[in-house]
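> model the following, please.
(one chain, ligands or ions: 1)
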Amino acid sequence: MAAKLEYLTQQQIDSFYRDGYLVIPGFLSQQDTSVLLTRAKQLLQDFSLEDHPLTKFTTGDDNHVGDDYFLTSGDKIRYFLEESAVVDGKLVREKEKAVNKIGHGLHELDPVFREATLGNPAIKAVARDLKFHHDPVALQSMIICKQTEIGGEVPEHNDSTFLYTNPPTALGFWIALEKCTPENGALSFLPGSHLTTPIAKRFVRMPTGGTGFEELISPENVPNRTAGKYILEACLPGDLVVIHGSVLHKSERNTSPHTRFAYTFHMIESPPYAEYDEKNWLQPTPELPFSKILDTPNPVVLSTA
Ligand SMILES: O=C(O)CCC(=O)C(=O)O
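Below you'll find the predicted structure:
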């Protein structure tokens, strides 16, 4: 007998596996969404520029400092600036309006985001209903700010390229903290592309330092990209979008006067069902291993392919 659904309808599950993403309107209450937005703004206020690599180090030779700031951010709360907000090592905007994203250990280290991620029974219920993983763990989290006027574009990608396991198992949970519109860079998706787009490369730590891509399929063997049209998903504060790690998605630049804050975190499958290796840019530490989402693993999974 099929397990009883706790949060999703069968129609929502079918739509996720057909399209590669699922919008769940009103996943967080207005009150819970506003708590997260307030906390995100507090973190921006608390951000100290003192020892930030992009403002402290200015020459090309010091780029490795920025790499290190990124590569060791998995178990920290760190601030990544909009490129156009820093000129010659100086911030040309208020710091609160200059941060592109905050990451990548919010779900572990910040009490408010931890509660919204690891402590949220509705997230666990969605993970059980979707049956995407046997034993999901939370890998990373980010607040994406999409600042007014300069909020950077996120080009077309799929998440398993950047959060790679063998086989690919990334699953994104993306929660709008503010209204997302075509003007301020709402997400858009190529429905069904997760079924036809293999993970052709992966983002890795380079043996020589820094990061780069490793080919998994040589370019001549990568199938033509999925035909079809991108669908823009306007969202209201509190809406959740669950994102299959292989589905193509993107967001445009925010040229509007309205910010577009979102909170996102990713899950992956654990061994023995998937392997997470040392080439990945984000590495768990003995002090902070990846936290499990479910108390009891899902006995069966529907698909991660
Ligand atoms: O929030 C955005 O604009 C992009 C988010 C995204 O692509 C992701 O979480 O994978």
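> how about the secondary structure of residue 12?
Counting by DSSP: H, G, I helix; E, B strand; the rest coil, the backbone at residue 12 sits in helix.
> may I ask which helix or strand of the chain has the lowest mean pLDDT?
The helix or strand of the chain with the lowest confidence, counting by mean pLDDT, DSSP states H and E, is helix 53-56 at a mean of 67.
> which residues sit in contact with the residue in the stretch 201-305 of the chain that the ligand sits nearest to?
With C-beta to the nearest ligand atom, the shortest gap between the stretch 201-305 of the chain and the ligand falls at residue 251, namely 3.3 Å. All C-beta spots, glycine's among them, are computed from the backbone N, C-alpha and C. Shown in contact with residue 251 (C-beta atoms under 8 Å, 6 or more residues apart in numbering): 146, 153-154, 185-188.
> list just the nearest of those residues to the ligand.
residue 154 (4.1 Å).
> so who does residue 284 touch?
By C-beta under 8 Å, 6+ apart, the neighbours of residue 284 are 74-75, 290.
> show me how to select, in PyMOL, the buried members of those residues.
A single PyMOL command selects the buried members of the contacts of residue 284 (16 or more other C-beta atoms under 10 Å):
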select buried, resi 74+75+290
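> of the contacts of residue 284, which ones also sit close to the ligand?
Restricting the contacts of residue 284 to those near the ligand by C-beta under 6 Å from any ligand atom leaves nothing, as none qualifies.
> now the residue of the stretch 201-305 of the chain closest to the ligand: how far from residue 189?
10 Å (C-beta to C-beta, to the nearest Å).
> and for residue 303?
With C-beta to C-beta as the criterion, residue 303 and residue 189 are 18 Å apart.
> looking at those two, which is more packed in?
More crowded of residue 303 and residue 189, by other C-beta atoms under 10 Å: residue 189, with 22 against 11.
> contact residues of the stretch 151-300 of the chain facing the ligand?
154, 159, 172, 174, 185, 187, 249, 251, 262, 264.
> rerun at 5 Å
154, 159, 251, 262, 264 (C-beta under 5 Å from any ligand atom).
> ok, what's across the strand from the last one?
Put plainly, it is residue 264. Using DSSP bridges, the bridge partners assigned to residue 264 are residue 142, residue 174.
> ok, it touching residue 171?
No: with contact defined as C-beta atoms under 8 Å, residue 264 and residue 171 do not form a contacting pair (11.2 Å).
> what are the ranges of the helices in this protein?
Shown for the chain, the helices assigned by DSSP state H span residues 10-19, 30-46, 53-56, 63-71, 106-109, 111-117, 121-130, 159-162, 193-196.
> next up, the contacts around the nearest residue to residue 18 once chain neighbours are set aside.
Leaving aside its chain neighbours, residue 18 sits nearest to residue 192 (6.9 Å; criterion: C-beta to C-beta, 6 or more residues apart in numbering). Residue 192 is in contact with 18-20, 226, 228, counting by C-beta under 8 Å, 6+ apart.
> among the residues of the stretch 151-300 of the chain next to the ligand, which ones are buried?
Counted by 16+ other C-beta under 10 Å, these give 154, 159, 251, 262, 264 as buried.
> show me what the residue of the stretch 201-305 of the chain closest to the ligand bridges to in the sheet.
residue 154, residue 187.
> I'd like to know how many residues surround the residue found closest to residue 19 once you drop the neighbours it is linked to in the chain.
Of all residues not flanking residue 19 in the chain, residue 191 sits nearest, at 4.1 Å (C-beta to C-beta, 6+ apart). When counting by other C-beta under 10 Å, one arrives at 18 neighbours for residue 191.
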